[in-house]
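J.: the sequence isn't on hand, but the structure is:
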């Protein structure tokens with residue numbers, strides 16, 4: 001079997017496994033193997049093929065790490081969707097109580113202290129499983 005065919009089969013296997021994992025790293029190595037296959041097809045020696053695969057794999061990995069580092073931070077969290085929503089008071093005593101929100105009963109605390117619990121309260125923040133409310 002020709003060297004380029006081995007590289008292309010390796011590339012196909014790596015890309016296929018990548019489809020199951022979803023990390024993109026195997027996709028980089030699959031691309032490196034495909035480029036090494038092209039180098040083999042063009043007549044490069046084994047050392048040149050290995051260096052091509054190694055360089056493409058290393059550069060691709062570094063680029064992927066940089067891209068992931070810059071894009072893994074979400075611009076907003078799921079909790080941000082709740083901020084600003086009005087809740088229904090179930091029970092309230094002092095600055096703490098329980099409220100009904102989205103069909104479930106939540107623990108809640110008022111911030112700042114002494115909010116008017118007779119008026120509708122609005123979610124200002126979420127601390128764990130506790131809603132922080134204000135007017």
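T.: Now that the structure is in, tell me what you want to look at. Since the structure is predicted, the reported quantities are computational estimates derived from the model, not experimental observations.
J.: mind listing what's buried in the helix or strand where residue 40 lies?
T.: Residue 40 belongs to helix 25-41 when elements are defined using DSSP states H and E. Along helix 25-41, these residues count as buried under the neighbour rule (16 or more other C-beta atoms under 10 Å): 25-37, 39-40. The way it works is simple: take the backbone N, C-alpha and C, and place the C-beta from them, glycine included.
J.: between the residues you listed, which sits nearest residue 125?
T.: Closest approach to residue 125 among those (C-beta to C-beta): residue 25, at 36.5 Å.
J.: the closest one contacts residue 63, doesn't it?
T.: No - using C-beta atoms under 8 Å, residue 25 makes no contact with residue 63, being 11.3 Å away.
J.: re the thing from before, does anything pack onto the helix holding residue 40? Which helices or strands?
T.: Secondary-structure packing of helix 25-41 (3 or more C-beta pairs under 8 Å, 6 or more residues apart in numbering; DSSP states H and E): helix 3-21, helix 46-71.
J.: from the chain's centroid, how far away is that helix?
T.: 26 Å (C-alpha atoms, centre = their mean, to the nearest Å).
J.: ok, stretch 90-99 next?
T.: Distance, stretch centre to chain centre, for stretch 90-99: 35 Å (C-alpha atoms, centre = their mean).
J.: same thing with stretch 53-61?
T.: Counting by C-alpha atoms, centre = their mean, stretch 53-61 comes out at 23 Å from the chain centroid.
J.: check stretch 90-100 too.
T.: 35 Å.
J.: for it, which positions count as buried?
T.: Buried, per 16+ other C-beta under 10 Å, within stretch 90-100: 92, 97, 99.
J.: got the phi/psi numbers for the last one?
T.: Same thing as residue 99. Main-chain torsions, residue 99, degrees, to the nearest 10: phi -130, psi 160.
J.: who touches it in this structure?
T.: Contacts for residue 99 were tallied using C-beta atoms under 8 Å, 6 or more residues apart in numbering; they are 87, 88, 89, 90, 105, 106, 108, 121, 131, 133.
J.: I'd like these laid out as JSON lines, including secondary structure, pLDDT and distance to residue 17.
T.: Formatted as JSON lines, the contacts of residue 99 follow (DSSP: H, G, I helix; E, B strand; the rest coil; pLDDT from 0 to 100; distance: C-beta to C-beta, whole Å):
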{"residue": "87", "secondary structure": "strand", "pLDDT": "88", "distance to residue 17": "47"}
{"residue": "88", "secondary structure": "strand", "pLDDT": "82", "distance to residue 17": "50"}
{"residue": "89", "secondary structure": "strand", "pLDDT": "83", "distance to residue 17": "53"}
{"residue": "90", "secondary structure": "strand", "pLDDT": "85", "distance to residue 17": "51"}
{"residue": "105", "secondary structure": "strand", "pLDDT": "89", "distance to residue 17": "46"}
{"residue": "106", "secondary structure": "strand", "pLDDT": "89", "distance to residue 17": "43"}
{"residue": "108", "secondary structure": "strand", "pLDDT": "89", "distance to residue 17": "47"}
{"residue": "121", "secondary structure": "strand", "pLDDT": "83", "distance to residue 17": "51"}
{"residue": "131", "secondary structure": "strand", "pLDDT": "89", "distance to residue 17": "44"}
{"residue": "133", "secondary structure": "strand", "pLDDT": "87", "distance to residue 17": "49"}
